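Colleague: I need the structure of the sequence given here:
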Amino acid sequence: ALTGLAAVQRLPGLLELAVVNVREARDLSLLEPLEQLELLGICGSLWSKQVIDDLWPLTRLTRLQSLSIFSTRILRGGLQPVYQLKNLGALGCDLQFAGEFRALRAALPRLRYGTPIDYPEPMTRAELVARVTRTSRQP
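Modeller: Numbering: from 1, shown residues only. You can find the predicted model right below:
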């Protein structure tokens, strides 16, 4: 059994990861070796926000296609590092980031989905099924 976020560094082939209310996740540089990562979720809980220093370590995750950031306080840089994630197709985030999403969509040609109220167009049934299937596989 793996315990603690540092253990994920021993899983370089990991494709999906959800970091939920993990204190040691404040410094996301622990995720830099996970270059194959395609899906990443970072969130706190109903009772406390996940606090992270910044998102800059994620710029090494060049295959990242989906990023979710909920109930999270980013201390420095906000979503600025996300502009470098050229393969990002979905960014699920709190409404506090809604203002930044339009600029991100303009900068990232593959980005189609963002905050719950800012979708460029309705999802097709196939897209919705694919998204639900992916979400239900997350631990």
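Colleague: please, where are all the helices along this structure?
Modeller: Ranges of helices in the chain, per DSSP state H, are 98-107, 125-137.
Colleague: excluding chain neighbours, what is closest to L5?
Modeller: In this structure, L5 finds its nearest non-sequential neighbour in E24, 4.9 Å apart by CB to CB, 6 or more residues apart in numbering. Every C-beta, even on glycine, is put in place using the N, C-alpha and C of the backbone.
Colleague: do you know the pLDDT at that neighbour?
Modeller: What the model reports for E24 is a pLDDT of 76.
Colleague: any idea how far Q84 is from the residue sitting nearest the centre point of the chain?
Modeller: The structure's the chain has its C-alpha centroid closest to L67; by CA atoms, centre = their mean the separation is 2.3 Å. Here L67 is placed at a distance of 12 Å from Q84 (CB to CB, to the nearest Å).
Colleague: in the sheet, who's paired with L17?
Modeller: Following DSSP bridges, L17 is listed with bridge partners L40.
Colleague: for G92, that is, sorry about that
Modeller: Assigned bridge partners for G92, using DSSP bridges, are S68.
Colleague: state the distance from it to L46.
Modeller: Using CB to CB, we find G92 at a distance of 17 Å from L46.
Colleague: between those two, point out the one with more neighbours.
Modeller: Between G92 and L46, G92 has the larger neighbour count (other CB atoms under 10 Å), namely 18 against 6.
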